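A.B. asks: the following comprises the amino acid sequence and a computationally predicted model.
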Amino acid sequence: MDQKTDIKNKTEELQKLLLQSIQMYSEIESIYLEIHHTSSESSSLTIDTNNQKLNLLFHDVKQVESPLAQLIASTDKIVDKVALLIKKRVTVIESVYNWNRSLVNKTSNIASLLQHEINTVANGRSAIKCYKPLPDGRKGLISNSF
């Protein structure tokens, strides 16, 4: 195989992998957008479904990213078409990163609010325990005086 054919094959393979990567990251981005636009009262089924979709997509992305990175590293010269796809991929990945960060912040806030609620309930239980009547054999000082 001559050098021109090798470069052409690498370029075609790079384009194919970059398009797959862009497509997968775009799907991830659309799920993040869907999560962002759903109400906070979404069902656990919806949340679980989105989580499963994201896990599958991230798994698929890993399958594409490794050969893509190797191919980019072994390529001497990146042609303009490939360079444009790489820039588009970077843009989509940055968007996914920002949506992910936003989602992490949102879930962290929710977790903090839930922890506050749990602490409030626990403190309320402690306060209510103080009002339980003592068993007959254990009367307090004031109760014994009557």
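C.D. replies: Okay, I see it. Residues are numbered from 1 along each chain as shown.
A.B. asks: I would like the residues contacting stretch 85-92, please.
C.D. replies: By Cβ atoms under 8 Å, 6 or more residues apart in numbering, the residues outside stretch 85-92 that reach it are L14, Q15, L18, L19, S21, I22, Y25, S26, E29, I72, I78. In this view, the C-beta of every residue, glycine as well, is placed from N, C-alpha and C.
A.B. asks: how close does the closest residue to the fourth one other than its chain neighbours get to L113?
C.D. replies: In space, L19 comes closest to L85 once its chain neighbours are excluded; the distance is 6.8 Å by Cβ to Cβ, 6 or more residues apart in numbering. In this structure, L85 and L113 are 42 Å apart, going by Cβ to Cβ, to the nearest Å.
A.B. asks: picking up where we left off before, and the residue nearest to L19, what are its phi and psi?
C.D. replies: The phi and psi values for L85, taken as degrees, to the nearest 10, are phi -70, psi -40.
A.B. asks: got the phi and psi for the most centrally placed residue in the chain?
C.D. replies: The structure's the chain has its C-alpha centroid closest to N100; by Cα atoms, centre = their mean the separation is 5.3 Å. The phi/psi pair for N100 (degrees, to the nearest 10) reads phi -60, psi -50.
A.B. asks: looking at L85 and L113, which one has more neighbours?
C.D. replies: Between L85 and L113, counting by other Cβ atoms under 10 Å, L85 is the more crowded of the two (19 against 10).
A.B. asks: check the gap between the more buried one and I31 for me.
C.D. replies: Per Cβ to Cβ, L85 is found 22 Å from I31.
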